[in-house]
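Visitor: Build me a model:
(chains A, B, C and D)
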Protein chains: 4
Amino acid sequence: MIIEEYFKCLSDRERAIFEGAISMGALFHQFIGTPVNRESLKSLRVAIEDSIKLQPSIEDVKVEINLEDSENEFGYVSLEGRMLNVKITSRVRDVRAIIRMEYIDELNYPLIYVEDIKEK
Amino acid sequence: MIIEEYFKCLSDRERAIFEGAISMGALFHQFIGTPVNRESLKSLRVAIEDSIKLQPSIEDVKVEINLEDSENEFGYVSLEGRMLNVKITSRVRDVRAIIRMEYIDELNYPLIYVEDIKEK
Amino acid sequence: MIIEEYFKCLSDRERAIFEGAISMGALFHQFIGTPVNRESLKSLRVAIEDSIKLQPSIEDVKVEINLEDSENEFGYVSLEGRMLNVKITSRVRDVRAIIRMEYIDELNYPLIYVEDIKEK
Amino acid sequence: MIIEEYFKCLSDRERAIFEGAISMGALFHQFIGTPVNRESLKSLRVAIEDSIKLQPSIEDVKVEINLEDSENEFGYVSLEGRMLNVKITSRVRDVRAIIRMEYIDELNYPLIYVEDIKEK
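Guide: As a prediction, the model looks like this:
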């Protein structure tokens, strides 16, 4: 069975949403807990972007890590959802979905949502 | 801003696909690597189901873990994608999406796909 | 090469410390980020204990998860280090090491330390 | 209570073993499952080294990732224990412990062991 068979009940738009959402769930649960501080922040950001970009239909990944003043006695913290601001662009043929993860203070929650969908 | 505002560009059907996909990506990347053998298999399965069911719009989660003869010298293995067979049902109002993860031998890959979408 | 060869530079006491420490590092980084609330707390606790007990030289694992009032808008939280209180007993022949992980407020850190070592 | 109080039952040698072992358990369970291929291999390696080096008493971390021909239909794989060859150097005052993780084919297991301990 070819891969396309598995997705025949989805439109291109739906599949772009689908693939972007998988990758955002993956990103959060793979990297939460990683030790990080100001010095290691850049290499962690690049590794997250490079690895998640490999997943099916992912065109671009942009990660911001906001440490504020959250270092502990030992000079680092474990990566938490509240520190992450992420933008994943997934693409299926002519449709691009922009998926975001952003910590929403009033919800006390790193919300994953669809920011925009662009169809040519 | 209320939560619904973040999803106004999605239909109920699209949002069911979206939420189910996030949870499947989460499930894989949270639990891959966990030590498991025949004795601990059931408690791991139950914990995966119970935790992923908490995520937004998730109605049901069914996990099968296939260990075959993959125990090592120490009597356990690390959970791998090839061992997992998962079915997540997400629901947004009248729409249910059935998301599957299944190891496809010919792809050498734990494929995540949409099995069915039911709209009343 | 038999396994014992790999540990010939360690005393039984040192190896008990070694194996308990590996398992505590494993526990933290495997399960941090898992969705949890009051209902799913018990199954998560049991799965953590059962899986970490499989690792070499681990005799017992006791996990407490303290949720306090940390549920969010969606009725659950991601497991964080500050919620965990863990006791791992590792054993190598006549030596038992009691390894603890406990959140220390003044350090703002889930400290992993050796509580006791018992030699017959 | 100062941190040293928590480690008073350990010699410097034992504490070097302890801290190195925690970090090796952490490394495995944090990063197993990460998508990786030949292009992203370097950034993942650097991020693992940089993040684990932050943990207490860790002086150096060297990671090798061996992909062989394990890419799938989609051009990447999930990081597995069999791909990792790691060397962590922990140091407590005059004692250095060299901790290794290496996949041992005959055990079918990514063995974590102490390669050497150097005391001045």
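
Visitor: Please name the residues that touch the residue in chain A that chain D sits nearest to.
Guide: Closest to chain D within chain A is residue A:47: 3.3 Å, counting by C-beta to the nearest C-beta. Yep, even glycine has a C-beta here, placed from its N, CA and C like the rest. Taking C-beta atoms under 8 Å, 6 or more residues apart in numbering or on different chains as the criterion, residue A:47 is in contact with D:34, D:40, D:43-44, D:46-48.

Visitor: Now with 10 Å, please.
Guide: Neighbouring residues of residue A:47 by C-beta atoms under 10 Å, 6 or more residues apart in numbering or on different chains: A:31, A:34, A:63, D:31, D:34, D:36, D:40, D:42-48, D:50-51.

Visitor: And the residue nearest the centre of chain A?
Guide: The C-alpha lying nearest the average C-alpha coordinate of chain A belongs to residue A:24 (C-alpha atoms, centre = their mean; 3.8 Å).

Visitor: Which parts of chain A are helices?
Guide: Listed in chain order, the helices of chain A (DSSP state H) span A:12-31, A:41-52.

Visitor: Report whether the longest one contacts chain C.
Guide: To tie it back to what came earlier, the one meant is helix A:12-31. Yes: residues of helix A:12-31 contacting chain C under C-beta under 10 Å from any C-beta of the partner chain: A:28-31.

Visitor: Going by neighbour count, which of those residues comes out on top?
Guide: Within the residues of helix A:12-31 next to chain C, most neighbours by other C-beta atoms under 10 Å in any protein chain shown means residue A:30, with 27 neighbours.

Visitor: one step back: most tightly packed of the helices of chain A?
Guide: helix A:12-31 (a mean of 26; mean count of other C-beta atoms under 10 Å in any protein chain shown).

Visitor: Briefly note if that one comes near chain D.
Guide: Yes: residues of helix A:12-31 contacting chain D under C-beta under 10 Å from any C-beta: A:23, A:26-27, A:29-31.

Visitor: Same question for stretch A:75-94.
Guide: Yes: counting by C-beta under 10 Å from any C-beta, chain D is contacted by stretch A:75-94 at A:75-79.

Visitor: List the buried residues of that stretch.
Guide: A:76-84, A:86-92 (16 or more other C-beta atoms under 10 Å in any protein chain shown).

Visitor: What is the burial count for the residue nearest to residue A:78 when sequence neighbours are not counted?
Guide: Distances taken as C-beta to C-beta, 6 or more residues apart in numbering or on different chains put residue A:33 closest to residue A:78, at 5.1 Å, once the chain neighbours are dropped. By other C-beta under 10 Å, 24 other residues sit near residue A:33.

Visitor: swap in residue A:119?
Guide: Residues near residue A:119, counting by other C-beta under 10 Å: 11.

Visitor: before we move on, what about residue A:101?
Guide: Counted with other C-beta under 10 Å, residue A:101 comes out at 20.

Visitor: try residue A:115
Guide: The number of residues packed around residue A:115, counting by other C-beta under 10 Å, is 14.

Visitor: close enough to count as contact, it and residue A:87?
Guide: Yes: counting by C-beta atoms under 10 Å, residue A:87 is a contact partner of residue A:115 at 7.4 Å.

Visitor: low-scoring pLDDT stretches of chain A, where are they?
Guide: When residues are selected by pLDDT under 70, those of chain A lie in A:1, A:69-71.

Visitor: Most proximal residue of it with respect to chain B?
Guide: Relative to chain B, the nearest point of chain A is residue A:25 (3.0 Å; C-beta to the nearest C-beta).

Visitor: ok, the closest residue to that residue other than its chain neighbours to residue A:8 distance?
Guide: Nearest residue to residue A:25, sequence neighbours excluded (C-beta to C-beta, 6+ apart): residue B:25, at 3.0 Å. With distances taken as C-beta to C-beta, to the nearest Å, residue B:25 is found 21 Å from residue A:8.

Visitor: and the gap between the closest residue to residue A:82 other than its chain neighbours and residue A:109?
Guide: Of all residues not flanking residue A:82 in the chain, residue A:103 sits nearest, at 4.5 Å (C-beta to C-beta, 6+ apart). Remark: distance between residue A:103 and residue A:109 (C-beta to C-beta) = 7 Å.

Visitor: neighbour count winner among these two?
Guide: More crowded of residue A:103 and residue A:109, by other C-beta under 10 Å: residue A:109, with 20 against 16.

Visitor: Contact partners for that one?
Guide: Residue A:109 makes contacts with A:81-82, A:102-103, B:3, B:56, C:72-74, C:76-78, as judged by C-beta under 10 Å, 6+ apart.

Visitor: same thing but at 6 Å, please
Guide: When contacts are counted by C-beta atoms under 6 Å, 6 or more residues apart in numbering or on different chains, residue A:109 touches C:72-73.

Visitor: From what I see, residue A:25 and residue B:26 are in contact.
Guide: Yes: at 3.9 Å, residue A:25 counts as touching residue B:26 under the criterion of C-beta atoms under 6 Å.

Visitor: Let me know how buried residue A:54 is, in neighbour terms.
Guide: 20.

Visitor: what residues are up against it?
Guide: Residue A:54 neighbours (C-beta under 6 Å, 6+ apart): D:35, D:37, D:76.

Visitor: Make JSON lines out of the residues you listed and add distance to chain B.
Guide: Below are those laid out as JSON lines (distance: C-beta to the nearest C-beta, whole Å):
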{"residue": "D:35", "distance to chain B": "9"}
{"residue": "D:37", "distance to chain B": "13"}
{"residue": "D:76", "distance to chain B": "10"}
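
Visitor: what number of residues lie near residue A:5?
Guide: Residue A:5 has 8 neighbouring residues, counting by other C-beta under 10 Å.

Visitor: how near is it to chain C?
Guide: When distance is defined by C-beta to the nearest C-beta, to the nearest Å, residue A:5 is 32 Å away from chain C.

Visitor: Does residue A:20 touch residue A:101 like I think?
Guide: No: look at residue A:20 against residue A:101 with C-beta under 6 Å: they stay out of range, at 10.7 Å.

Visitor: what's across from residue A:88 in the sheet?
Guide: Note on residue A:88: beta-bridge partners by DSSP bridges are residue A:61, residue A:99.

Visitor: Check whether residue A:22 really touches residue B:26, as I assumed.
Guide: No: assessed by C-beta under 6 Å, residue A:22 is found out of contact with residue B:26, at 9.0 Å.

Visitor: for residue A:44, what are its contacts?
Guide: A:36, D:47.

Visitor: Could you do residue A:58 as well?
Guide: Per C-beta under 6 Å, 6+ apart, neighbours of residue A:58: A:23, A:90.

Visitor: The one 5 residues further on now?
Guide: Under the criterion of C-beta under 6 Å, 6+ apart, the contact partners of residue A:63 comprise A:45, A:48-49, A:86.

Visitor: And for residue A:18?
Guide: B:17, B:21.

Visitor: Please report the distance of it from chain C.
Guide: 20 Å.

Visitor: Residue A:40 now?
Guide: For residue A:40, the distance to chain C (C-beta to the nearest C-beta) stands at 15 Å.

Visitor: repeat for residue A:118
Guide: Relative to chain C, and taking C-beta to the nearest C-beta, residue A:118 is found at 29 Å.

Visitor: Look up the closest residue to that residue, ignoring the ones flanking it.
Guide: residue A:96 (4.6 Å).

Visitor: what does chain A put close to chain B?
Guide: Within reach of chain B by C-beta under 6 Å from any C-beta of the partner chain, chain A has these residues: A:6, A:9-10, A:14, A:17-18, A:21-22, A:25-26, A:29-30, A:112-114, A:117.
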